[in-house]
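Colleague: Have a look; sequence and predicted model below, questions after that.
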Amino acid sequence: MKHIVFVLLLFILGIGASHAQENLFYGFENTPLKDLIQQLEKDLGLSFSFADDAIEGKSVTVQVEGISLKELLAALEAQTGLHFEKIEGQPQVIIAPIPTTNKVCVFLLDQETHLPLTENQVVIDSSFVMETDSKGAILFEDTGKSDYLLEVSGYGSVHLQPTGTCSSLYLSPVYKELKEVVVTSYITTGIDRNRDGSITLTQKPLGPIPGQTTPDILQSIQMIPGVSSLDETASGIQIHGGTSDQNLVLFDHIRVFNTGYLYGMLSRFNPYATEKATIFKTATSAVYGDRVSGVINISTDDKVAQNISGGLGIDGLSADGYIKVPLSPRSSVSFFARSSYLDVFEGPTYEAYERKIFNNTGTITDSDGNPLNVNTDDGYTYENSQNDFRFYDLNAKYVYQPSHKDKVSVSALMTRNRTQFSFAHDGETKKDSLTTGNGGISANWTHHTSPNQTEEITAYFSSYDSYYRNEELFGESLEETNIRGNRISDFGVELKSDRTLKNNDQLTFGYQLSNTNLEIDLSAESNAEPENNISLPVHESNFKNVVFGEYALKKENSGIFKIGLRAVHYGSLARVYLEPRLNMELPLSKALRIRAGLERRNQPISQLIEFNQTELRLDNNLWRLSDDVEFPLLQSKQFSAGLLFDKNGWTLDAEAYYKRLTGLTTYSQGFTLPQPNLSEGKSRIFGMDLLLKKRIDNYRFWAGYSFNDVNFTFDEIQEGSFSGNNDITHNFRISNSLQLNNLQFSLGWQYRTGVPVTLIESYDEDTGRVNFGPLNAGRLPDFHRLDASAIYEFDLDGKNSRMQIGLSALNIYNRVVPLSIVHRTSQQNGELLLDQVIYRRSLGFTPNITFRLFFK
């Protein structure tokens with residue numbers, strides 16, 4: 001062992017020595033460029049060629065330790081606006097002006113270090129997105145404007161007046177915060193990786209995503225390895241093998257319990273209202289709780305609008321619009337609205353979604369592949385059914401900033417989704433209606449006591465309601481009515497303090513109080529058999545108190561070591577639970593970092609599948625609070641470790657994780673069984689995420705792979721463990737994007753293994769008696785599809801407005817496969833009977849077109 005350690009030390013020292021040979025050490029303060037050139041010629045034996053008038057009057061500041069000649073020349077180029085080119089294999093360096101004909105050229109540098117801001121996102125006039133190159137420069141078309149607004153990631157906004165030559169801008173980080181982003185354009189522009197392992201997705205500079213023409217937040221984050229959807233939906237997101245109800249979703253502090261429209265195919269969040277989203281796959285901050293899987297924290301624009309701006313748009317499913325209006329120099333208000341128009345016109349986009357949602361029939365076979373004559377549809381066909389679908393959402397935000405130290409914001413959200421469905425067969429008519437709503441209001445006050453201390457007070461109210469009604473008629477006579485209702489009202493207050501200490505360490509602590517009221521209505525009324533009528537109302541509540549704290553050791557351009565703790569008291573369980581958190585990321589070099597995370601989390605509310613009385617053939621999930629009896633508290637323990645390499649446009653990110661869950665039941669979402677028995681179990685999840693990305697100017701290529709092994713144990717049902725219903729062993733995605741001036745292209749292909757399925761060993765067509773094989777022992781066919789999109793954007797009316805046209809296509813080669821097969825069963829005289837099989841298909845070829853107008 002000693003010999004191994006000794007060899008490793010020699011190896012590390014050898015690497016350091018090899019790098020040290022090419023590192024330079026210089027300290028010049030406002031020194032004339034000519035003097036620095038003479039010093040470099042003397043120290044390094046270089047020969048500089050230049051015109052005296054080109055360098056006249058130019059001075060530089062270089063205070064660096066350990067810099068290569070290439071990096072030094074890049075810094076000189078950024079500070080002077082001149083081009084420094086070293087001849088390959090020769091000691092000669094040529095200095096020349098940079099041509100800027102019909103171009104705006106600017107170098108961005110850090111005010112403190114005087115070094116270029118390399119590969120940093122820049123939004124130009126809130127519309128065009130670029131990245132600085134390895135020398136901190138951006139070069140774009142000069143449209144004749146006298147002033148351009150540059151929004152620089154991590155450094156705020158700055159106005160630029162073109163000078164006809166390359167200029168240099170020195171910028172300071174906002175509020176002296178340490179730069180959290182370690183990889184900009186982690187996948188594409190607008191998706192960044194932070195130092196704590198979280199991913200930030202920003203709407204405005206979001207680059208092209210295959211198959212999308214609007215920046216749908218919940219569809220976009222599925223580009224991230226480890227984030228996927230079993231059924232192609234935006235709302236059914238799984239993070240590291242967890243089910244969608246195990247994710248905490250926040251919209252401006254408002255808790256969202258249902259995130260999708262059109263049965264989850266698109267998200268409830270207006271794409272142009274959402275400014276950014278922060279996603280935690282693992283090692284979450286101690287600020288977040290009440291869920292055992294991922295965190296998706298969505299926020300809207302909190303800047304005070306200085307000018308009126310807005311936009312209008314229409315695509316194959318909906319129309320939307322927004323406007324931002326300044327009320328004074330210190331306050332503004334924004335309004336956003338979106339609505340479907342499917343009651344007026346149903347185009348090819350909706351027809352493709354309609355067939356996926358409502359066409360739930362297919363060939364059913366036994367374990368040997370023999371076809372079975374199983375009742376899968378009660379006489380339903382796609383042609384004899386009718387459906388009506390509508391949705392709309394409204395949200396508004398008021399922002400008031402009385403001083404540079406204080407900001408107050410109030411945000412409101414309202415979303416509604418309604419589906420009506422019916423079909424007739426042999427004189428019998430079945431009607432279904434399902435309405436869901438989610439919304440709320442939040443208020444936040446942020447006070448900067450000093451540049452190193454911030455206090456926040458947040459209050460919120462969230463509401464959710466779901467109402468399902470099923471009616472069965474024979475002729476004009478009503479025979480049976482089934483109702484499933486679910487309502488949640490949740491309010492809370494949070495007090496939080498963030499403090500940056502003298503050594504740049506950060507301390508966060510606070511208190512959270514909330515109360516959750518939950519109601520369930522389950523009723524069935526039969527005119528033919530009134531003795532079987534049922535009514536099962538449920539009313540529950542949970543009053544929660546939380547104290548949390550987090551200490552982070554941070555160093556500029558270095559790593560992070562964060563330790564946190566949540567102490568939670570759930571009133572409904574009358575117990576205190578401790579949730580420790582540990583997160584570490586350390587740089588081994590400028591290009592290579594390693595990280596590890598450890599956490600324990602609890603979830604007092606989860607979804608149950610109430611499936612028997614729905615003709616919609618879709619899950620009618622009901623939220624239920626834990627009581628530690630029939631519905632246990634869901635608990636998780638998770639460990640993760642990984643490495644990140646980022647250099648010269650290449651990014652490689654690999655992460656492995658291990659998770660254990662307890663408190664699962666056969667009624668919980670993401671796990672269904674043919675036998676309708678309540679049983680408690682646990683799961684073990686092991687997985688790995690891998691991302692490889694390469695950027696070459698405006699072309700980006702990225703490939704993501706996830707391995708996932710979800711393993712369940714339910715001793716009362718089956719001996720030994722078996723694959724979970726949401727297990728996707730392999731998930732691979734490859735994407736390309738290219739931006740040519742105002743035109744953006746993207747093309748992507750994804751592949752994943754089919755989900756597990758319990759196979760039928762034998763079935764008696766006369767009696768309906770069925771025998772199943774081992775749980776989830778089979779697999780459905782593998783899933784894959786090809787998606788593409790193209791977006792063209794151009795200015796209108798003297799650059800005060802612009803137009804955007806987008807075309808997209810999902811599943812270009814129209815491959816349709818079953819995504820899941822669900823068995824509806826019942827028991828009679830001790831025998832298991834198969835009543836119905838629901839056969840869910842993937843989305844077919846789905847075109848879409850988008851027209852948008854932006855004005856300011």
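Modeller: Alright, I've got the coordinates.
Colleague: for the residue sitting nearest the centre point of the chain, helix, strand, or coil?
Modeller: To find the centre residue of the chain, average its C-alpha atoms and take the closest one (Cα atoms, centre = their mean): that gives Ile221, at 3.5 Å. Using DSSP: H, G, I helix; E, B strand; the rest coil, the three-state assignment for Ile221 comes out as helix.
Colleague: tell me which residues in the one helix or strand Asp795 maps to are buried?
Modeller: Assessed by DSSP states H and E, Asp795 sits inside strand 783-796. Residues Phe783, His784, Arg785, Leu786, Asp787, Ala788, Ser789, Ala790, Ile791, Glu793, Asp795 are the ones in strand 783-796 that count as buried (16 or more other Cβ atoms under 10 Å). Placement of C-beta: from N, CA and C, glycine included.
Colleague: surely the residue nearest to the centre of the chain meets Thr200?
Modeller: No - applying Cβ atoms under 8 Å as the test, Ile221 and Thr200 come out as separate, 10.4 Å apart.
Colleague: Now do the shared contacts for these two.
Modeller: Ala277, Ile279 (Cβ atoms under 8 Å, 6 or more residues apart in numbering).
Colleague: And this structure, what are its domain boundaries?
Modeller: Structural domains assigned to the chain are 23-97, 299-855, following automatic domain parsing.
Colleague: Give me the below-cutoff pLDDT ranges for the stretch 701-850 of the chain.
Modeller: In the predicted model of the stretch 701-850 of the chain, residues 798-799 satisfy pLDDT under 70.
Colleague: same thing but 80
Modeller: Low-confidence segments of the stretch 701-850 of the chain, defined by pLDDT under 80, are located at 797-800, 824-827, 830, 835-836, 838.
Colleague: Would you mind measuring the gap between the ends of stretch 133-153?
Modeller: 14 Å (Cα to Cα, to the nearest Å).
Colleague: next one: it to chain centre, how far?
Modeller: Here stretch 133-153 is found 28 Å from its chain centre; the criterion is Cα atoms, centre = their mean, to the nearest Å.
Colleague: Quick check: buried residues in that stretch?
Modeller: Buried, per 16+ other Cβ under 10 Å, within stretch 133-153: Asp133, Lys135, Gly136, Ala137, Ile138, Tyr148, Leu150, Glu151, Val152, Ser153.
Colleague: Relative to Asn602, how far out is the residue lying closest to Ile605 once chain neighbours are set aside?
Modeller: Leaving out its chain neighbours, the residue that sits closest to Ile605 by Cβ to Cβ, 6 or more residues apart in numbering is Leu625, at 5.3 Å. From Leu625 over to Asn602 the distance is 13 Å, taken as Cβ to Cβ, to the nearest Å.
Colleague: same deal with Lys70?
Modeller: Here Lys70 is placed at a distance of 51 Å from Asn602 (Cβ to Cβ).
Colleague: Helices of this protein, residue ranges please.
Modeller: Remark: helices of the chain, listed N- to C-terminal, are 2-20, 33-44, 52-55, 69-80, 217-220, 348-358; assignment by DSSP state H.
Colleague: Give me the buried positions along stretch 444-457.
Modeller: Within stretch 444-457, the residues scored as buried using 16+ other Cβ under 10 Å are Asn444, Thr446, His448, Asn452, Thr454, Glu456.
Colleague: One more: stretch 160-169?
Modeller: Of the residues in stretch 160-169, those buried by neighbour count under the rule 16+ other Cβ under 10 Å are Leu160, Pro162, Cys166, Ser168, Leu169.
Colleague: From Ala337, how far out is Val399?
Modeller: Here the distance between Val399 and Ala337 works out to 18 Å (Cβ to Cβ).
Colleague: higher neighbour count, the two?
Modeller: Legend: neighbour count by other Cβ atoms under 10 Å for Val399 and Ala337, higher for Val399 (24 against 17).
Colleague: residues in contact with the more buried one?
Modeller: Applying Cβ under 8 Å, 6+ apart, we find Val399 in contact with Asp302, Lys303, Val304, Ala305, Ser331, Ser332, Val333, Ser334, Lys407, Val408, Ser409.
Colleague: cutoff 10 Å now
Modeller: Going by Cβ atoms under 10 Å, 6 or more residues apart in numbering, Val399 touches 300-305, 324, 326-327, 330-334, 407-411, 444.
Colleague: Then Thr729?
Modeller: When contacts are taken as Cβ under 10 Å, 6+ apart, Thr729 is in contact with 687, 706-710, 723, 752-756, 779.
Colleague: Name the nearest of these relative to Gln246.
Modeller: Distances from Gln246 to the contacts of Thr729, taken as Cβ to Cβ, are shortest for Val710 (12.2 Å).
Colleague: Dig out what the closest one forms beta bridges with.
Modeller: Residues in a beta bridge with Val710, per DSSP bridges, are Ile685.
Colleague: which residues sit in contact with it?
Modeller: Counting by Cβ under 10 Å, 6+ apart, Val710 makes contact with 238, 240-243, 659, 661, 670-671, 683-687, 722-729, 755-756, 776.
Colleague: can you check Gln453 too?
Modeller: Taking Cβ under 10 Å, 6+ apart as the definition of contact, the neighbours of Gln453 are His447, Ser497, Asp498, Arg499, Thr500, Leu501, Leu507.
Colleague: What is the burial count for the fourth one?
Modeller: In this case it means Arg499. Using other Cβ under 10 Å as the criterion, Arg499 is surrounded by 15 other residues.
Colleague: Looking at it now. What's its pLDDT?
Modeller: Per-residue confidence at Arg499 stands at 92 (pLDDT).
Colleague: could I have stretch 308-324 exported to CSV, CA atoms only?
Modeller: As requested, the backbone C-alpha atoms of stretch 308-324 are provided in CSV (Å, rounded to 0.1, in the frame of the first residue of the first chain):
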residue,chain,number,x,y,z
ILE,A,308,-43.3,48.0,-22.4
SER,A,309,-42.7,44.6,-24.1
GLY,A,310,-44.7,41.6,-25.0
GLY,A,311,-45.5,38.8,-27.4
LEU,A,312,-48.2,36.8,-29.2
GLY,A,313,-48.0,33.3,-30.4
ILE,A,314,-50.0,30.4,-31.8
ASP,A,315,-49.1,26.7,-32.4
GLY,A,316,-50.9,23.5,-33.2
LEU,A,317,-52.5,23.3,-29.8
SER,A,318,-52.9,26.7,-28.2
ALA,A,319,-52.6,30.5,-28.5
ASP,A,320,-50.8,32.7,-25.9
GLY,A,321,-49.8,36.2,-25.2
TYR,A,322,-48.0,38.3,-22.6
ILE,A,323,-47.2,41.9,-21.7
LYS,A,324,-44.8,43.5,-19.3
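Colleague: Report the buried residues of it.
Modeller: Here stretch 308-324 shows 309-311, 313, 315-318, 320-324 as buried, counting by 16+ other Cβ under 10 Å.
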